[in-house]
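In: Predicted model and sequence below, questions to follow.
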Amino acid sequence: MKKTLTAIALGLSIIGNAMAVEKHDKWIEINGAFYSPFVGTTDGGVSFATLYENKMGNIVASIDFLNGSVTESDCKNAELGKYNNTQPLNINGTLVKTTYGCVDKDRVKFFPITNAGQNHIISVFKASNTVTVSGDFTYSANGFTKSYNTLKARNDKKKLAI
């Protein structure tokens with residue numbers, strides 16, 4: 001019973017945080033990564049774009065889905081952190097090859113397979129007010145360039161370390 005109550009409290013906390021973040025009109029930083037305002041999905045979940053430094057030290061943009069039917073169907077029995085699935089996403093009118101997998105049981109992450117795809121996503125967020133993915137989800141680009149420049153400056157300092 002205690003585990004169930006803890007899980008319910010955690011779920012409400014995540015949903016509450018999603019609702020609070022959704023009210024923001026620009027990208028925000030949480031624990032060193034940057035997040036777009038949340039976009040509600042038709043199945044009650046949320047989606048957001050993320051900008052972060054990956055394990056190899058590269059700046060990466062991704063599209064994430066949290067607490068929806070996609071995560072329920074794909075992540076229920078998935079091996080977490082394994083990205084073997086591929087799916088092209090239409091990002092502002094350009095198809096980008098992506099791979100996707102489950103970060104945890106409630107979150108699916110899509111990110112470009114190629115450098116050209118990664119560069120395209122970053123470029124459209126820099127050049128646009130909004131970015132539309134597969135015609136279904138529109139993410140705010142307000143604050144993206146500032147977020148990118150902050151992350152790039154941190155990344156550049158790390159590369160200069162001796």
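Out: Looks like it came in fine.
In: Now for the chain, the helix or strand with the poorest mean pLDDT.
Out: Lowest mean confidence among the helices and strands of the chain (mean pLDDT, DSSP states H and E): helix 2-22, at a mean of 38.
In: and the very next helix or strand once past it, what other elements does it pack with?
Out: Per DSSP states H and E, the first helix or strand lying C-terminal to helix 2-22 is strand 28-30. Secondary-structure packing of strand 28-30 (3 or more CB pairs under 8 Å, 6 or more residues apart in numbering; DSSP states H and E): strand 33-35. Placement of C-beta: from N, CA and C, glycine included.
In: rerun at 10 Å
Out: In terms of contacts (3 or more CB pairs under 10 Å, 6 or more residues apart in numbering; DSSP states H and E), strand 28-30 is packed against helix 2-22, strand 33-35, helix 144-160.
In: Let me know how buried the closest residue to K105 other than its chain neighbours is, in neighbour terms.
Out: Excluding its sequence neighbours, the residue lying closest to K105 (CB to CB, 6 or more residues apart in numbering) is C75, at 5.1 Å. Neighbourhood size, C75 [other CB atoms under 10 Å]: 19.
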